[in-house]
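**Q** based on what follows, work out the 3D shape:
(one chain, ligands or ions: 2)
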Amino acid sequence: MILRLEHIGIAVKDLAASNELFEKLLGEQPYKEEEVASEFVKTSFFQTGEAKIELLEATHPDSAIAKFLEKKPEGLHHIAFEVDDIHAEMERLRTEGFQLLNTEPKKGADNKLVCFIHPKSANGVLLELCQSI
Ligand SMILES: CC[C@H](C(=O)O)C(=O)SCCNC(=O)CCNC(=O)[C@H](O)C(C)(C)COP(=O)(O)OP(=O)(O)OC[C@H]1O[C@@H](n2cnc3c(N)ncnc32)[C@H](O)[C@@H]1OP(=O)(O)O
Ligand SMILES: [Co+2]
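**A** Ligands and ions are numbered 1, 2, ... in the order given. Got it, this is the predicted structure:
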C-alpha cells in the first residue's frame, strides 16, 4: 500500500550551491548528505514536515541525473512514495500495467529499498517507491 509522499527528487548540477539555496529557502541545513555509488549520484536531504526534498547531483556521465540534465534543465526529477511492502506494491503495480524499471528492489539512499516506475506509464512523472530498511 502507498503510505505517503516520501520525497521530491530535484536534479541539480552543483549540490553545494543548491544546498545553500535550499538552506536559505527552508531555514535549515540538510539532515543528511549521502553518495549512492550504484546510482552514480550524491544526494542531500532536507526534512520538510512529513515529506523531504532530495537534491541529486550526478557523480558520473552514466548517471540517470547526468542524462536527465543533458536534455532538461535543473529541476523536478522524480516523486517518491513510501510503501509498506515494496515487493507487494511492485507486483500490484506491475499487474496494473505500470512499467517497473527494476525487477527487484534495490538499495537507495536514506536507508531505503527502492524501485522506479517509468514516466511513460505514470503520466510523464518518474516515480520511486521506497520502503524503509
Ligand atoms: C536511489 C538513490 C535516490 C533515492 O531516492 O534513493 C534516487 O532517487 S536516485 C535517482 C536517479 N536514478 C534514477 O532516476 C533511476 C531511474 N531512472 C531511469 O531508469 C532513467 O532515468 C529513465 C528510464 C527514467 C530515463 O532514462 P533515459 O534518460 O536514458 O531515457 P530517455 O532520455 O530516452 O527518456 C525516455 C523518456 O522519458 C523522459 N524522461 C527521462 N527522465 C525523466 C524524468 N525524470 N521525468 C520525466 N520524464 C523523464 C524523457 O524525456 C523521454 O521522453 P521522450 O518524450 O521520449 O523524449
Ligand atoms: Co529519490
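**Q** which residues touch Val114?
**A** Counting by Cβ atoms under 8 Å, 6 or more residues apart in numbering, Val114 touches 80, 86, 105-108, 128-131. Just so you know, the C-beta spots here come from the backbone N, C-alpha and C atoms, and that holds for glycine as well.
**Q** one more time with 6 Å
**A** Shown in contact with Val114 (Cβ atoms under 6 Å, 6 or more residues apart in numbering): 106, 108, 128, 130.
**Q** next, the residue lying closest to the second one once chain neighbours are set aside: phi, psi?
**A** Nearest-residue entry for Gly108: Val114, 3.4 Å, with adjacent residues in sequence omitted and distances by Cβ to Cβ, 6 or more residues apart in numbering. For Val114, the backbone dihedrals (degrees, to the nearest 10) come out as phi -130, psi 160.
**Q** output the contacts of Val114 as a markdown table; include the columns secondary structure.
**A** Shown next, in a markdown table, are the contacts of Val114 (DSSP: H, G, I helix; E, B strand; the rest coil):
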| residue | secondary structure |
| --- | --- |
| Lys106 | strand |
| Gly108 | coil |
| Glu128 | strand |
| Cys130 | strand |
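**Q** give me the neighbour count for the closest residue to ligand 1 within the chain.
**A** Distances between the chain and ligand 1 by Cβ to the nearest ligand atom are smallest at Gly108, namely 2.6 Å. Neighbour count for Gly108, taken as other Cβ atoms under 10 Å: 24.
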